[in-house]
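Engineer: here is my input, please return the structure:
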Amino acid sequence: MTKQRAFTLIELLVVIAIVAILAAILFPVFAQAKEAGKATACLSNARQIGLALRMYVSDHDDTMPIFYAYNSQPPAWQAGHKGVEVELMPYAKSRELFRSPLDAGGPYTSQDVPGAQTYWEAYGSSYRFTQCMYSMIAGESSGNNVPYDFTRIVTDGGVEFPSETRVMRLEMFPFFDRSVDVGCQRYGYDCEPPYNYYRRWGSRGGSMIFFDGHAKTITSPGAFDATRVNPEGKRSGEAHPTSWSRTWYAECD
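Structural biologist: Okay, here's the model as predicted:
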């Protein structure tokens, strides 16, 4: 009869250690691959939204949609809800386009809209609309359910740098973190409660949609600040004398 030899305790511990080392090496790789897949899908959505926006403008006398943002009364996708995404739906065809796979919500979303786990659920879009690049109608345009009191029409012919001017962007970028935005003075997301809006959605960057319809991934605060945010072509990081951050980002984003 053949005598079978069992694992010794030392051999078993060695095997466990090897498995643990392999897991420590591979799990981050899997996580990065998963995030990369979500970022690719997010950028694909952004490109399709950009095309939908250009079709809207073409059909509306070269005029940008009416601006609405963060309206939760009534909630997203219910009758009466007002948002830029609602205006673009005849061209986008699917509300899912406005939902980024990276959207993980934020500290404020579930407070503002109970039960909402994402910005898409709370407001209808994972993407933020650049306020200065949309048409404002006094008494009709609104943000956070509050009407604006001025009118401003944005048209194709009035935009100086179409390929450099952002009209939409992913809501959260990793450099909004307080480790980069020290004191919450630059981007205004990762602030002390009750004004904390930040949650990490990804580690690399986020999608951005430009006035001419193209989209790309922005991965650094420098590239973010260099994009333009109003028809005249002011850059996001350019100085503004009266906005809360003293930049055109706070005035227009």
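Engineer: so where do the strands sit in this structure?
Structural biologist: Taking DSSP state E, the strands of the chain run over residues 68-69, 127-129, 142-143, 146-147, 166-170, 206-210, 215-218.
Engineer: how about those strands in TSV, adding mean neighbour count and distance to Arg199?
Structural biologist: To be clear about C-beta, it is placed using only N, CA and C from the backbone, and glycine gets the same treatment. Shown next, in TSV, are the strands of the chain (neighbours: other C-beta atoms under 10 Å; distance: least, C-beta to C-beta, whole Å):
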stretch	mean neighbour count	distance to Arg199
strand 68-69	22	18
strand 127-129	24	14
strand 142-143	16	20
strand 146-147	11	24
strand 166-170	25	12
strand 206-210	26	13
strand 215-218	20	18
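Engineer: among those strands, which comes closest to Cys184?
Structural biologist: Among the strands of the chain, strand 127-129 comes nearest to Cys184, with 17.0 Å by C-beta to C-beta.
Engineer: quick check: which of the strands of the chain is nearest to Asp103?
Structural biologist: Of these, nearest to Asp103 by C-beta to C-beta is strand 166-170, at 8.3 Å.
Engineer: so what strands line up beside that closest one?
Structural biologist: Partners of strand 166-170 in the sheet, by DSSP bridges, are strand 127-129 (antiparallel), strand 206-210 (antiparallel).
Engineer: which residue, neighbours along the chain excluded, lies closest to the residue most central in space within the chain?
Structural biologist: For the chain, the residue nearest the mean C-alpha position is Leu170 (1.6 Å; C-alpha atoms, centre = their mean). In space, and not counting its chain neighbours, Leu170 is closest to Gly206: 3.3 Å by C-beta to C-beta, 6 or more residues apart in numbering.
Engineer: what's across from the one you found in the sheet?
Structural biologist: The partner residues for Gly206, given DSSP bridges, come to Ile218.
Engineer: which of the strands paired with strand 166-170 sits closest to Ala41?
Structural biologist: Nearest to Ala41, of all the strands paired with strand 166-170, is strand 206-210, at 9.8 Å by C-beta to C-beta.
Engineer: quick one: the helices in the stretch 1-150 of the chain?
Structural biologist: Counting by DSSP state H, counting those that start in this stretch, the stretch 1-150 of the chain has these helices, from start to end: 9-59, 84-92, 109-112, 119-123.
Engineer: out of the ones you listed, which is the most enclosed?
Structural biologist: Greatest average neighbour count among those goes to helix 119-123 (a mean of 25), per mean count of other C-beta atoms under 10 Å.
Engineer: related to what we said a few turns ago, need the strands of the chain in a markdown table (columns: mean pLDDT).
Structural biologist: Below are those laid out as a markdown table (pLDDT from 0 to 100):
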| stretch | mean pLDDT |
| --- | --- |
| strand 68-69 | 97 |
| strand 127-129 | 97 |
| strand 142-143 | 96 |
| strand 146-147 | 97 |
| strand 166-170 | 98 |
| strand 206-210 | 98 |
| strand 215-218 | 98 |
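Engineer: now those strands in JSON lines, with distance to Tyr108?
Structural biologist: Output for these, formatted as JSON lines (distance: least, C-beta to C-beta, whole Å):
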{"stretch": "strand 68-69", "distance to Tyr108": "14"}
{"stretch": "strand 127-129", "distance to Tyr108": "13"}
{"stretch": "strand 142-143", "distance to Tyr108": "14"}
{"stretch": "strand 146-147", "distance to Tyr108": "16"}
{"stretch": "strand 166-170", "distance to Tyr108": "16"}
{"stretch": "strand 206-210", "distance to Tyr108": "18"}
{"stretch": "strand 215-218", "distance to Tyr108": "23"}
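Engineer: of those strands, which is nearest Val86?
Structural biologist: Smallest distance to Val86 across those (C-beta to C-beta): 7.8 Å, for strand 68-69.
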